[in-house]
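Engineer: Sequence unavailable; structure follows:
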């Protein structure tokens, strides 16, 4: 029986595993590996910080996947041999006829001196309770949201509900030359207007060189003093991926943008662990929906190979994501990121319907993967 070995049980890995099981049933063996039992989707972190949801409401145990026909093993991956499609872990060695690497990106706070000591990270699920408590305790002063990696938006609704918004200054800085590169100049201008409407200050092209206690020091310009510093740290592939040679000496795994195939036969990589350059030179956004779509394409290709069916349509770069505008509204960024000469994406105005759709986005995925 042919076996697919999947490394990582996030959006991408779960998409591959679920799609393969639905397409091939018991005719195909699936082995899914991840170093954590619990799964919390990234959107839950923002909701927990803003006080509009809890981590526990969205937490699921990956061991429940086995009962749904997807064998899950919790283990730490120690070595990846892509040529042999073999993986060494602290729970033994695993091999596959097909190997899918979906291990995501990890934050590297060490790349910004002082970040770990003097700032909070929104991307570490274990750090969210402390960040949420710090936000809840703040009654006045400046919040600095410093983007040193992938950008995100932090809404101020928690302070509005507590009647404290006027006493809290929020400043967003990003090292990117425009506010939201994946949305282009027009999309960045649109988002900037939304921030101005909410009294949120922002500045692009500001690279932090170190974080001090209650202060952010930039490569150029004046430092920013703040009562609370929240930093989006630089992201990189996990060390085990870099050591495998899959990145070919770069920071990310290069893949065919349509098939997600690597340079090794029957080895695929999807989601945040890869980097796909768009026509304008910018990278494809590292979003859960993108990883999910890529995973479905890879699963379809593996299933076609098993059954002898015609190869499926490649991943076409289409996708969307939500930009929350508060507890009850969200805007939608959607389009074709693979379009030439520029990605063809646009913002659709904020509405309660989009906020409801984002909540369904989570519930529908959890139901598909875990049954509830």
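Structural biologist: Sure thing, it's come through. Keep in mind it's a predicted model, so treat the numbers as computed, not measured.
Engineer: And the nearest residue to residue 316 once chain neighbours are set aside, how close does it get to residue 364?
Structural biologist: Using C-beta to C-beta, 6 or more residues apart in numbering and skipping the chain neighbours, the partner closest in space to residue 316 is residue 338 (6.2 Å). In this view, the C-beta of every residue, glycine as well, is placed from N, C-alpha and C. Remark: distance between residue 338 and residue 364 (C-beta to C-beta, to the nearest Å) = 25 Å.
Engineer: and what of residue 250?
Structural biologist: 35 Å.
Engineer: still on that earlier bit, which residues does the residue nearest to residue 316 contact?
Structural biologist: Each residue near residue 338 by C-beta atoms under 8 Å, 6 or more residues apart in numbering is listed here: 257, 278-279, 316-318.
Engineer: Ok, residue 96 next?
Structural biologist: Applying C-beta under 8 Å, 6+ apart, the residues near residue 96 are 3-5, 31, 85.
Engineer: Now it. Nearest residue, chain neighbours left out?
Structural biologist: Leaving aside its sequence neighbours, residue 96 sits nearest to residue 5 (C-beta to C-beta, 6+ apart; 2.9 Å).
Engineer: Against which helices or strands is the helix or strand where residue 364 lies packed?
Structural biologist: Here residue 364 sits within helix 352-370, counting by DSSP states H and E. Other helices and strands packing on helix 352-370, by 3 or more C-beta pairs under 8 Å, 6 or more residues apart in numbering; DSSP states H and E, are helix 11-24, helix 43-50, strand 60-61, strand 318-324, strand 330-336.
Engineer: same thing but 7 Å
Structural biologist: Applying 3 or more C-beta pairs under 7 Å, 6 or more residues apart in numbering; DSSP states H and E, we find helix 352-370 packed against helix 11-24, strand 318-324, strand 330-336.
Engineer: what's the most buried one of those?
Structural biologist: helix 11-24 (a mean of 24; mean count of other C-beta atoms under 10 Å).
Engineer: what's the angle between it and helix 352-370?
Structural biologist: Going by axes from the mean of the first three to the mean of the last three C-alpha atoms, to 10 degrees, helix 11-24 is angled at 60 degrees with respect to helix 352-370.
Engineer: so what does the helix or strand hosting residue 300 touch, helix or strand wise?
Structural biologist: If you go by DSSP H and E, residue 300 is part of helix 288-307. Helix 288-307 is packed against helix 11-24, strand 318-324, with contacts defined by 3+ C-beta pairs under 7 Å, 6+ apart.
Engineer: which other residues reach stretch 104-121?
Structural biologist: Contacts to stretch 104-121, defined as C-beta atoms under 7 Å, 6 or more residues apart in numbering, come from residues 8, 10, 123-124, 127, 130-131, 134, 148, 208, 210-213, 229-231, 233-238, 271-273, 286.
Engineer: make it 6 Å
Structural biologist: 8, 10, 123, 127, 131, 148, 208, 210-213, 229-231, 233-236, 238, 272-273 (C-beta atoms under 6 Å, 6 or more residues apart in numbering).
Engineer: Which of the residues you listed fall in helices?
Structural biologist: Judged by DSSP state H, the subset of those located in helices is residue 131.
Engineer: Mark which of the contacts of stretch 104-121 are buried, thanks.
Structural biologist: The neighbour-count test (16 or more other C-beta atoms under 10 Å) applied to those identifies 8, 10, 123, 131, 148, 208, 211, 229-231, 233-236, 238, 272-273 as buried.
Engineer: Save the helices and strands packed on helix 352-370 as a markdown table, and put in distance to residue 115 and mean pLDDT too.
Structural biologist: Listed next are the helices and strands packed on helix 352-370 as a markdown table, based on distance: least, C-beta to C-beta, whole Å; pLDDT from 0 to 100:
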| stretch | distance to residue 115 | mean pLDDT |
| --- | --- | --- |
| helix 11-24 | 26 | 97 |
| strand 318-324 | 24 | 88 |
| strand 330-336 | 27 | 90 |
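Engineer: pLDDT at the spatially most central residue of the chain, what is it?
Structural biologist: Taking C-alpha atoms, centre = their mean, the centroid of the chain lies closest to residue 287, which sits 4.7 Å from it. If you check residue 287, the pLDDT there is 87.
Engineer: if I read this right, it contacts residue 323, doesn't it?
Structural biologist: No. Counting by C-beta atoms under 6 Å, residue 287 does not reach residue 323; the two are 11.4 Å apart.
Engineer: Can you find the helix or strand in this protein with the smallest mean pLDDT?
Structural biologist: Least confident element among the helices and strands of the chain, by mean pLDDT, DSSP states H and E: helix 157-161 (a mean of 46).
Engineer: can you tell which of the helices and strands packed on helix 352-370 is closest to residue 182?
Structural biologist: For the helices and strands packed on helix 352-370, proximity to residue 182 was assessed by C-beta to C-beta; strand 330-336 is nearest, at 7.5 Å.
Engineer: which other helices and strands contact that closest one?
Structural biologist: Contact here means 3 or more C-beta pairs under 6 Å, 6 or more residues apart in numbering; DSSP states H and E; on that basis strand 330-336 packs against strand 318-324, strand 344-351, helix 352-370.
Engineer: Mind giving me the packing neighbours of the shortest one?
Structural biologist: In this case it means strand 318-324. Using 3+ C-beta pairs under 6 Å, 6+ apart: strand 318-324 touches strand 330-336.
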